[in-house]
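Asker: sequence and computational prediction follow.
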Amino acid sequence: MADAPPPLRPAVFLDRDGTLIDDEHYLSDPDRVRLRPGVARALVRLREAGLALVVVTNQSGIARGMFGEAEYEAVRARLDALLAAGGASLDASYHCPHHPDFGPPCACRKPGIALYQQAASEHALDLARSAFVGDKLRDVSPAARFGGLGVLVPGPDTSFADLERARERFALSTTLDAAADRVMARLRAAGPGA
């Protein structure tokens, strides 16, 4: 008799720029990476609640020729180091290097769902029990596709239109720490194994 596959676990899918770090617009210099306030603490709390932590980010600067994969990886490594200094870590990071103005359309550019599906397959994640957190509507809208929780955390670059549309369909939180409270309350309400 074959062993049963491990149970799927919920995750928090996090946007990077404007959610975890200050949005520097086409960030390619690791020395400019700055964690947003309270990010490490929020991620530690989510990890302690048993949630996987996965970054999904659009990086159209690669398609635009503003930086390459090596620069993206250097910024990713700097983010990981800053999180580690605060006792936090991520399970995985996924990025879309495309933009429809600079090549054919793709399924991985948010709000597309390909990277979420890839993460779910590679890390045994339950997308319906997961949360989708970011500062733009495209970051949280996959929650509607999967039946998960979408939480918009508005920042300086969040448009009024995104804020109004998110109010209609998703949750709003003022900080990532407040979003973590909302995510964990939903997890508790669903009960074990829900």
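Answerer: Sure thing, it's come through.
Asker: every contact and neighbour count from this point should use C-alpha atoms.
Answerer: Fine.
Asker: hey, where'd the helices end up in the protein?
Answerer: Taking DSSP state H as the test, the helices found in the chain are 39-48, 60-63, 69-85, 114-123, 137-140, 142-146, 160-169, 176-190.
Asker: got the contact list for the second one?
Answerer: The one in question is helix 60-63. Contact with helix 60-63 is made by 26, 67-69, 96-99, 102-103, as judged by C-alpha atoms under 8 Å, 6 or more residues apart in numbering.
Asker: how about a cut-off of 7 Å?
Answerer: 26, 67-68, 97-99, 102 (C-alpha atoms under 7 Å, 6 or more residues apart in numbering).
Asker: low-confidence regions, this structure specifically.
Answerer: For the chain, the stretches flagged by pLDDT under 70 are 1-2, 191-194.
Asker: longest strand of it?
Answerer: Taking DSSP state E as the criterion, the chain has its longest strand at strand 52-58.
Asker: so which of the helices of the chain is the most surrounded?
Answerer: helix 137-140 (a mean of 24; mean count of other C-alpha atoms under 10 Å).
Asker: can you pull the contacts of R9?
Answerer: R9 makes contact with 124-126, according to C-alpha under 7 Å, 6+ apart.
Asker: A180 too?
Answerer: Neighbour list for A180: 42, 46 [criterion: C-alpha under 7 Å, 6+ apart].
Asker: repeat for R16
Answerer: 55, 57.
Asker: D177 versus that one, what's the distance?
Answerer: Noted for R16: a distance of 15 Å to D177, by C-alpha to C-alpha, to the nearest Å.
Asker: against D15, how distant is the residue nearest to D177 when sequence neighbours are not counted?
Answerer: Spatial nearest neighbour of D177, chain neighbours left out: A42 (4.8 Å); criterion: C-alpha to C-alpha, 6 or more residues apart in numbering. As judged by C-alpha to C-alpha, A42 and D15 stand 14 Å apart.
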